[in-house]
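S.K.: Fold the following.
(one chain, ligands or ions: 1)
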Amino acid sequence: MIKEFKKVLVANRGEIAIRIFRACCELGIRTVGIYSKEDKYSLFRSKADESYLIGEDKGPIDAYLDMEEIIHLAKRKGVDAIHPGYGFLSENYDFARMCEENGITFIGPSYEVMEKMGDKINSKKIAKEIGVPTIEGIDFSISDIEKAKDVCKKLGYPVILKASNGGGGRGMRVIQSEEDLVLEFERAISESQKAFGKAVIFIEKYIKNPKHIEVQVLGDKYGNIVHLYERDCSVQRRHQKIIEYAPAFSVSQNTRNKIHEDALKLARYVGYYSAGTMEFLVDENENYYFIEMNPRIQVEHTVTEMITGIDIVQSQILIAQGYSLDSDKINIKSQDEIKLNGYSIQCRITTEDPKNNFMPDTGKINLYRTGSGFGIRLDGGNGFTGSEITPYYDSLLVKTISWDRTFNGAIQKALRSIKELRVRGVKTNTGFIVNVLNHPLFIQGKCHTKFLDESKELFD
Ligand code: ADP
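M.R.: Here you go, the predicted model:
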């Protein structure tokens, strides 16, 4: 059954809100934006067909987390569906359920699947059950230091402590020895409690110098599911992605094929629909391990769009309306039909100062000039001359996404675009990004997840 959407509310802000408004606009759907009082002058709100202030008496983040108010507004404004973007409410299965209970379609997977797969311990357990490789560790939450010592002794150091419902690289700690464990364990627990509302910590073996490879999947509500190949997101600072690209050309085709198959196996097993990402670590011998699933759109979805020509956000919206993958609107008739074309790189340009430990910078942008041209796509948030960069939200300014027939060509286009970019008034990380793009290991696709943290010379 198809439910045509006339109005979609985007429960998010910044660049991803604009990205979703664009997809809706192209599908002939009217858009509703929401904004906090701190975002009163932000660009994204004026890109929606209509937008409303929410959470007036709440903080800048909490305004976007107020489920009741958002649903109440959606009902008042005759909204058919809500797109949560990434972050904020995007992985909150209670919110997804509340939407459905109020007759509003949640643009994402079913809340049952979100509940199952949004939790790292649980999704790992499911992967293990069906024979998808996972990292050795415990599949229960631990809060007792003596038990933790035993577990770590059995696993052998180094290990990693993780918050089961963590995200964005937060709540993770690499532990080299029992002394380290004693020092860090309580802190990890209280950090998880503070950041995620629950102290659910688990432990797994720490993989040395892995690559982070993730598979984009897309499924409809009728059991059809495809993968859109993989992305290499190994260029990270403190476990946070900075530059992503596709395809992951330096991992052997054989390993990549196996990872695609396992991603699909897992997605099929849980009855996944909408867009989702299965994340894997690949070690130096190309052993690979499933680490988590993200049941939502990701920041780096763009590079996959560039090399497959498939609009992932539009596909999410059409799937939520009830269209099948092979319908004329989505037009993915089979897996074999999805062809790779060239290479794409996404650089996250942030208002952070690499020379000052990546401290976020704030203030007024006095001049903002971008570099576009052939092979460059810019997905921006609040970058314009005269805009105010506030301290309340993450510091992503614009995503520079380049495409070329060769990887080196994509690097050159990214460098050229960054050269043309002029931002005055606030500091950005462009110098650092340029250093990474020019690094021989990056050019060969050989960066692993610790590369940036170990290469201090890139920060100058
Ligand atoms: P988050 O949800 O916070 O992003 P992930 O579980 O996706 O956390 O992991 C983020 C990053 O942390 C990975 O890309 C990798 O760099 C590092 N990481 C996670 N687990 C391990 C591990 N067992 N060994 C080594 N690095 C890890």
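S.K.: going forward, measure contacts and count neighbours with C-alpha atoms only.
M.R.: OK.
S.K.: which residue of the chain sits farthest from its center?
M.R.: Largest separation from the mean C-alpha position in the chain: Glu146, at 35.0 Å (CA atoms, centre = their mean).
S.K.: Give me the distance between that one and the ligand.
M.R.: 21 Å (CA to the nearest ligand atom, to the nearest Å).
S.K.: buried set for the helix or strand where that residue lies?
M.R.: Assigned by DSSP states H and E, Glu146 belongs to helix 145-155. For helix 145-155, the neighbour count (16 or more other CA atoms under 10 Å) marks Ala148, Lys149, Val151, Cys152, Leu155 as buried.
S.K.: swap in stretch 203-213?
M.R.: Buried-residue list, stretch 203-213, by 16+ other CA under 10 Å: Ile203, Glu204, Lys205, Tyr206, Ile207, Asn209, Pro210, Lys211, His212, Ile213.
S.K.: Output those of those also counted as contacts of the ligand.
M.R.: Taking CA under 6 Å from any ligand atom, the overlap between the buried residues of stretch 203-213 and the neighbourhood of the ligand is Glu204, Lys205, Tyr206, Ile207, His212.
S.K.: gap between the third one and Gly156?
M.R.: To tie it back to what came earlier, the one meant is Tyr206. For Tyr206, the distance to Gly156 (CA to CA, to the nearest Å) stands at 9 Å.
S.K.: Kindly report the same for the second one.
M.R.: With the distance defined as CA to CA, Lys205 ends up 7 Å from Gly156.
S.K.: now Gly137
M.R.: In this structure, Gly137 and Gly156 are 10 Å apart, going by CA to CA.
S.K.: Report the secondary structure element holding Met278.
M.R.: Using DSSP H and E, Met278 maps to strand 274-282.
S.K.: strand partners of that strand, parallel vs antiparallel please.
M.R.: Here strand 274-282 is paired, per DSSP bridges, with strand 211-219 (antiparallel), strand 288-294 (antiparallel).
S.K.: Could you single out the most deeply buried of those strands?
M.R.: Most buried of the strands paired with strand 274-282, by mean neighbour count (mean count of other CA atoms under 10 Å): strand 211-219, with a mean of 25.
S.K.: and the next element down the chain from that one?
M.R.: As assigned by DSSP H and E, the chain's next helix or strand after strand 211-219 is strand 225-237.
S.K.: which one is Asp62 nearest to, not counting chain neighbours?
M.R.: Gly55 (7.3 Å; CA to CA, 6 or more residues apart in numbering).
S.K.: What number of residues are in the vicinity of that neighbour?
M.R.: Gly55 has 19 neighbours, counted by other CA atoms under 10 Å.
S.K.: Phi, psi for Glu112 please.
M.R.: phi -60, psi -40 (degrees, to the nearest 10).
S.K.: helices or strands up against the lengthiest helix in the chain?
M.R.: Using DSSP state H to define each element, the chain has its longest helix at helix 178-196. If you count contacts as 3 or more CA pairs under 8 Å, 6 or more residues apart in numbering; DSSP states H and E, helix 178-196 packs onto helix 145-155, strand 173-175, strand 201-205.
S.K.: Geometric centre of this structure: which residue is closest?
M.R.: Nearest to the mean C-alpha position of the chain, by CA atoms, centre = their mean, lies Gln298 at 3.1 Å.
S.K.: any idea of the angle the lowest-mean-pLDDT helix or strand in the chain forms with strand 201-205?
M.R.: Taking mean pLDDT, DSSP states H and E as the measure, the helix or strand of the chain with the lowest value is helix 178-196, at a mean of 88. In terms of direction (axes from the mean of the first three to the mean of the last three CA atoms, to 10 degrees), helix 178-196 departs from strand 201-205 by 130 degrees.
S.K.: And for helix 178-196, what's in contact with it?
M.R.: Defining contact as CA atoms under 8 Å, 6 or more residues apart in numbering, one finds that helix 178-196 is touched by 143, 145, 149, 152, 161, 163, 165-166, 171-173, 175, 198-201.
S.K.: repeat for stretch 28-46
M.R.: Contact with stretch 28-46 is made by 5-15, 17-18, 21, 24-25, 48-56, 60, 63-64, 79, 381-383, 387-388, 392, as judged by CA under 8 Å, 6+ apart.
S.K.: Do me a favour and get the end-to-end distance for that stretch?
M.R.: 18 Å.
S.K.: do stretch 82-93 as well
M.R.: Stretch 82-93: ends 13 Å apart by CA to CA.
S.K.: does it come close to the ligand?
M.R.: No: using CA under 6 Å from any ligand atom, we find that stretch 82-93 stays clear of the ligand, coming within 11.0 Å at best.
S.K.: quick one on the thing from earlier: can you tell me which of the contacts of stretch 28-46 end up in strands?
M.R.: Lys7, Val8, Leu9, Val10, Glu50, Ser51, Tyr52, Leu53, Glu388 (DSSP state E).
S.K.: before we move on, the earlier item: ok, Gly137 and Gly156, which is more surrounded?
M.R.: Per other CA under 10 Å, whichever of Gly137 and Gly156 has more neighbours is Gly137, with 19 against 14.
S.K.: Now do the longest helix of the chain: distance to the chain's middle.
M.R.: Chain-centre distance of helix 178-196: 25 Å, with CA atoms, centre = their mean, to the nearest Å.
S.K.: Could you do stretch 400-418 as well?
M.R.: For stretch 400-418, the distance to the chain centre is 21 Å (CA atoms, centre = their mean).
S.K.: Mind listing what's buried along it?
M.R.: By 16+ other CA under 10 Å, the buried positions in stretch 400-418 come out as 400-404, 407, 409-418.
S.K.: tell me the mean pLDDT over the helix holding Glu146?
M.R.: Helix 145-155 shows a mean pLDDT of 96.
S.K.: quick one, what contacts Glu390?
M.R.: Wrong residue type there; residue 390 is Thr, not Glu. Thr362, Gly363.
S.K.: From the ligand, how far off is it?
M.R.: Distance, Thr390 to the ligand, using CA to the nearest ligand atom: 24 Å.
S.K.: How many residues are close by Ala163?
M.R.: Residues contacting Ala163 under the criterion other CA under 10 Å number 28.
S.K.: how far away is the nearest residue to it once chain neighbours are set aside from the ligand?
M.R.: Nearest residue to Ala163 in three dimensions, chain neighbours excluded: Ile201, at 4.6 Å (CA to CA, 6+ apart). Look at Ile201 and the ligand: by CA to the nearest ligand atom, they are 12 Å apart.
S.K.: And for Ser402?
M.R.: 22 Å.
S.K.: rewinding a little: how about CSV for the helices and strands packed on helix 178-196, with distance to Ile433 added?
M.R.: As requested, the helices and strands packed on helix 178-196 are exported to CSV (distance: least, CA to CA, whole Å):
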stretch, distance to Ile433
helix 145-155, 37
strand 173-175, 25
strand 201-205, 31
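S.K.: among those, which is nearest Ile349?
M.R.: Closest approach to Ile349 among those is made by strand 173-175 (25.9 Å; CA to CA).
S.K.: packing partners for that closest one?
M.R.: Counting by 3+ CA pairs under 8 Å, 6+ apart, strand 173-175 packs on strand 159-163, helix 178-196.
S.K.: mind listing what that strand pairs with, with the direction of each?
M.R.: For strand 173-175, pairing defined by DSSP bridges yields strand 159-163 (antiparallel).
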